[in-house]
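Novice: What shape does this take:
(chains A and B)
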Amino acid sequence: MMHGQLLTYSLAVPYIVGFIQLLLNKKASGKVHAAISSISLLVPASVSIIVFGLYGAYSSYKLTITNLGSFMLFIDGLNWPVVAGIALVTVLIAIYSYPYMEVRFNELGSIDWGIYYFLYVYFSVSLLGIVLSNNFILFYLFLEVSLITSFLLIALYGYGNRQRISLIYLIWTHLGGFLFLVGSFIYGLTLHTFDFYPPPMPSGLMLQALGPLAAIIVTLILLGMFIKMAVFGVHMWLPYAHAEAPTPVSALLSPVMIGIGGYAIIRITYMLFEPLLLKAQLVLLALSVVTIIYGGLMALKENDFKRLLAYSSIAQMGYMLMGIATLSPIGILGALLQFFAHAVGKSILFSSAGVLISKNDNLRDINKMGGLARSMPYTSSLALLGFMDISGLPPTVGFFSKLLILIAVGVELVKLGLPGMLLLAFVLLGFGLTPAYAFYAMKRIFFGPPKIKGVEANKTMLIPIVLIAIVGIITFAFPSTIVNSVSGFLHTAFVIGVVMD
Amino acid sequence: MLAAGLGLLLKKQAPFISIGTIALSFILSVMSPFIVSTPSIISYPWFELLGLKINFGMLIDGLSVVMGSVVAFVSLLIAIYSYRYMYGDWGHTRYWYFFSFFVGSMLLLVYASNLIVLLIGWEGTTLASYALIGHWYTDEDEERWVGDKGRYALGVPMWFTPSQSGVRAMVVTSFGDIGFITGIGMLYKVSGTLSIYVIEKNITQIITALNKNNLLIPFLIAFTMGAFAKSAQFPFHEWLVTAMTGPSSISALIHAATMVNAGVYLLLRFVPILLGGAVKAGLYSSLNIFFTYVLIIGAFTAFMMASMAIASNELKLILAYSTASQIGYMFMGIGAAYFISTPSIALFASLSHFISQALFKAAMFMAAGVLIEEFSSRYIKDMAGAYSKMKLTAIAFLLASLSLSGIPPFSGFWDKDLILESTLQSGNLIAYLLGIIGAFLTSFYIFRAFTMVFVNKGDEKLKEKEIKEAHPVMLWPYFVLGLLSLLFGIFWYFPNGGLSALIYRFVYAQTYTPLLIGSIYFNPLDVGISVTIAFVGLLTALYIYKARREIILSNVTLNKLRDFLYDRWEINSLYYKAFVYSLNSFASILRKSVEFGAFDRFYHNLVPRFILAAGERFRKFQHGDIGKYLLTLLTGTLVLLIIGFVILVMMYG
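Specialist: Next comes the predicted model:
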């Protein structure tokens, strides 16, 4: 079978091309670099989409090593929305990077297209690798590459006190990675395999084999991924990192990078250790509620546009966690869809913020903005679409993710009975805050009496954002593209599976 | 029909496409009972939700056809009016885009065959209303504001700009929607479906299951929360009042054809299902609390909003209060349905009141739009003497006002009286009294406005102003609606039960579970009370505001009362204090003490300092830079980890 290693090779393409770009560095113009990066990233993106479209579920050949388990790349119903989201955003933001970084390079005084795109491509493709990997070691390797490259992107091209902030970012995400790693060591050394997919043994047997260690593994992985998702309490690194990173990088960091934490929780802890999560369900629910409300309140008070979006990401991760915390297939479905919707919405929003920064003299302070819709009709429409997406309004795909998560909450309420009404009260507050901060920000930035005259973005900047927005609308009109596969997967895994038990 | 509704969404240019597609949806709506048999469902497979197939479908039955036709018809007239009204506006394209989106969403929700499709239409109207209320988003023209600049109530500003009102509408209505969706989730849990038809079939089991968990009432309250918010019932009424910052044509659209009526539709759709199921499940009595709640909230809103309307000075504001108040009557009818022997009569009364309201309120708003433009003022005191210049507008407005006041034979009389009679039969005297007082206030406030605008003579300056009758394209839509209010009323009951009997049977027989049809009957005594009340209100207003306005202006107690009503019972201020300001200061405190205080200090100062201090004890050499130090530390840890890992693997291997 020719296609056995197709996914692996396709993933190797951007790694090789990216390295060549590094060697070329100044020998090629920014435009060429942007085109090469975008096309080379398109290779694994389109291969993933094509093999998934052809085979439904797909996995490459395994490389098996005793005691380490098997190594392969795979795509199935569960990681499909995550893969689709990453593919979409990374390819298009590569183009957007060009006009943005041109301005940034001029400010910094050194033009290093090769270095930027090398880091960008390695970062992007590693994100894809994380999601496609089946094994803790592979997962961590990709994770490490993505962390180092994004750290360097912030350190080299970020804003403000970028050395300090990139360090904060590096340390905290590594702490998360470290906890995850320790958990996976315990797992791997006890079970003699680092595979989490396909599960080395049925859930019940695994819990028996691991005994009390299972709880430790789950705790460590959860803690690690909480730091990565920036849930309340360990979120403090995020507003700095995401606000001060160069904006195209923020557009990847914010929805994609942190969302992968949620994916890992689903793929590893929920798929393998659901009974254990059930014991911690109330904690998870509480944590998600607090994250949503806290993130929302901070976003409401924030005057820096990019920082506002960063806080909004925290709240959106709360949405994702809430979907997971219901521990029902429909909630998981909602959470995965939330990844996709957030990837669409937040990348649009960060890109709009990027227009204000690069075209309007580093304009970030919302107090200085107002009435920009008159002078920037395209950017304001796109930002509105982005805010609609995170508030879950049709016609954006965010409508479905919010819908499914709230339906899952309703399902949970029936299980909880009357005490669940307390949960409902908090959910009302938390989910109610999203349109409040989103449309209040919209009003402060784009509506009201014009305070300054904005400069509209050029085509190279607008086209990638418009394309992302179009995909967001198409996936709303045809939710089957995203929902059906996850639905089918979860349905076979849980609903039918339970009946057969 | 749905295709037309959706086709609207694609529209980008020129009002003609918009008007054309709305006309098409109107024709299709009216024709649909002749094309397909009612009830029927037309659907296409859409996506799968955990083994549940979700269809994109439309439910065509008596209720949706009547609702859909009225919506499309009134929207069509408003669209024609808008062609002239919005001519040359700088946001022209955006206006038409969202106008079509609005009507399309409303039709989608009316014809939806399952809750997801319904919700798309539902939230689509939220979005469109947000965009259109804030249409003139630069906030520069004070003529578009609501409230008097510089006026405070309890220290809270009482004036609202378009961009601000848009956010208010968005936040309040989406707040209700969250309850609505969780309600859908609960329904999904106990029924395993989202299709309205299947819910209708399994309603008995659904009610039994919910009741077993003590969740029946919480479920109903959550599920209808979206309806209360969207229909601007207390305590969610505030957003509608300030929604007057939008173009007048949009006010007409929101109030008469779309948006606020969505909540009424939702209840009219589900209450019959609910009642039928409760009877079969033997749980009829456990619904008592819920319907009392609907009845009382409706009656209270009807009364409260009418009371605010008598003190208001802005023409559109009076009409806005009036809408919330009239929707309150519709809710009353729905609430009363539970208590009377033939619920379908009270439900029909509400439906009919929706139709009457759509006719007269659209006419009034469109007329108001013309008045405001011509006089360049939104205050009624500035419009005195309008009759001398705009006779046809005055006639249209009069017809609509008479219908609103409930003067026979206008349609507003029949259905409002039927609602009040049902309420009386329900035995809830408080609701009935609130309704009757509300009815008095209704004819009072609208004839107060009518007298001040059309009856009173203008001052000398009026003659010099260039005020002329509306352009025919604008005049005819509302003139026709005014006439229809009268005609619909004349044929409402006569001959042989008239139009009402026709619509009543069509709606409640052409459905999957037909309701028991009763005969509509009016009690002469109750009719007498209603009519007297309406006339007393009308004449008092005419008397006071024609000749004796100073009675009210000079009285101190009345002035205090007026201030209280003018500031909307201080409810807006209290909300701001209870929610907006307090949440805001809570967030500020959090931001200061927790985010920048605790978290930042702990994680970004104390922890690194601690590590640094700990590190210095071990190693004597000094790194100048904290950053470099931590980096070394981290790399060291990683290297150690990898080595440890290799050893461990070897040991186990």
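Novice: Leaving out the residues flanking it, which one is nearest to A:Leu73?
Specialist: Distances taken as CB to CB, 6 or more residues apart in numbering or on different chains put A:Leu132 closest to A:Leu73, at 4.2 Å, once the chain neighbours are dropped. Heads up, the C-betas are built off the backbone N, CA and C, glycines and all.
Novice: Give me the domain ranges for chain B.
Specialist: For chain B, the structural domains run B:1-139+B:146-282, B:294-484+B:513-562, B:567-621, B:623-653, going by automatic domain parsing.
Novice: Of all those, which one is nearest chain A?
Specialist: Checking the domains of chain B against chain A by CB to the nearest CB gives domain B:1-139+B:146-282 as the closest, at 1.8 Å.
Novice: quick one on the thing from earlier: now do the contacts for the residue nearest to A:Leu73.
Specialist: By CB atoms under 8 Å, 6 or more residues apart in numbering or on different chains, the contact set of A:Leu132 is A:7, A:11, A:48, A:73-75, A:79, A:83.
Novice: between these, which is closest to chain B?
Specialist: Nearest to chain B out of the contacts of A:Leu132 is A:Asn79 (CB to the nearest CB; 17.6 Å).
Novice: how close does the closest one get to A:Asp112?
Specialist: As judged by CB to CB, to the nearest Å, A:Asn79 and A:Asp112 stand 34 Å apart.
Novice: Next, format the domains of chain B as a markdown table and append mean neighbour count and mean pLDDT.
Specialist: Below are the domains of chain B laid out as a markdown table (neighbours: other CB atoms under 10 Å in any protein chain shown; pLDDT from 0 to 100):
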| stretch | mean neighbour count | mean pLDDT |
| --- | --- | --- |
| domain B:1-139+B:146-282 | 22 | 85 |
| domain B:294-484+B:513-562 | 22 | 87 |
| domain B:567-621 | 14 | 75 |
| domain B:623-653 | 13 | 54 |
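Novice: out of everything not next to it in sequence, what's closest to B:Ile407?
Specialist: Closest residue to B:Ile407 apart from its sequence neighbours, by CB to CB, 6+ apart: B:Ala534 at 5.5 Å.
Novice: Figure out how far the helix or strand containing the one you found is from the centre of its chain.
Specialist: Per DSSP states H and E, B:Ala534 falls inside helix B:524-547. Here helix B:524-547 is found 29 Å from its chain centre; the criterion is CA atoms, centre = their mean, to the nearest Å.
Novice: now stretch B:485-498
Specialist: Centroid separation between stretch B:485-498 and its chain, computed with CA atoms, centre = their mean, is 28 Å.
Novice: Give me the buried positions along that stretch.
Specialist: B:485-489, B:492-493, B:498 (16 or more other CB atoms under 10 Å in any protein chain shown).
Novice: Can you list which of the residues you listed are found in helices?
Specialist: B:485-489, B:492-493, B:498 (DSSP state H).
Novice: Redo these as JSON lines? Include pLDDT and distance to B:Thr161.
Specialist: Shown next, in JSON lines, are those (pLDDT from 0 to 100; distance: CB to CB, whole Å):
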{"residue": "B:Ser485", "pLDDT": "90", "distance to B:Thr161": "33"}
{"residue": "B:Leu486", "pLDDT": "90", "distance to B:Thr161": "38"}
{"residue": "B:Leu487", "pLDDT": "90", "distance to B:Thr161": "40"}
{"residue": "B:Phe488", "pLDDT": "90", "distance to B:Thr161": "38"}
{"residue": "B:Gly489", "pLDDT": "87", "distance to B:Thr161": "39"}
{"residue": "B:Trp492", "pLDDT": "84", "distance to B:Thr161": "42"}
{"residue": "B:Tyr493", "pLDDT": "83", "distance to B:Thr161": "46"}
{"residue": "B:Gly498", "pLDDT": "80", "distance to B:Thr161": "46"}
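Novice: restrict those to those near chain A?
Specialist: The subset of these within reach of chain A, by CB under 8 Å from any CB of the partner chain, is empty.
Novice: which stretches of the stretch 101-250 of chain B form strands?
Specialist: Here the stretch 101-250 of chain B has its strands, by DSSP state E, counting those that start in this stretch, at B:152-153, B:156-157.
Novice: I'd like those laid out as CSV, including distance to chain A.
Specialist: Shown next, in CSV, are the strands of the stretch 101-250 of chain B (distance: least, CB to the nearest CB, whole Å):
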stretch, distance to chain A
strand B:152-153, 20
strand B:156-157, 15
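Novice: Of all residues in chain A, which one is closest to chain B?
Specialist: Nearest to chain B, among the residues of chain A, is A:Gly410, at 1.8 Å (CB to the nearest CB).
Novice: wait, what's in contact with residue 455?
Specialist: Let's take chain A. Applying CB under 8 Å, 6+ apart to A:Val455 gives the contacts A:359-360, A:375-376.
Novice: Actually, chain B is the one I wanted.
Specialist: Contacts of B:Val455 (CB under 8 Å, 6+ apart): B:387, B:542, B:545-546.
Novice: And for B:Ile78?
Specialist: Counting by CB under 8 Å, 6+ apart, B:Ile78 makes contact with B:249, B:252-253, B:256-257, B:362, B:366, B:477.
Novice: repeat that with 7 Å
Specialist: Applying CB atoms under 7 Å, 6 or more residues apart in numbering or on different chains, we find B:Ile78 in contact with B:249, B:252-253, B:257, B:362, B:366, B:477.
Novice: so of those, which ones are in helices?
Specialist: Here DSSP H is the test, and the contacts of B:Ile78 give B:249, B:252, B:362, B:366, B:477 as lying in helices.
Novice: Now do the helix holding B:Ala534: everything it contacts.
Specialist: The contact list for helix B:524-547 (CB under 7 Å, 6+ apart) reads B:405-408, B:417, B:420-421, B:424, B:436, B:439-444, B:447-448, B:451-452, B:455-456, B:551-552.
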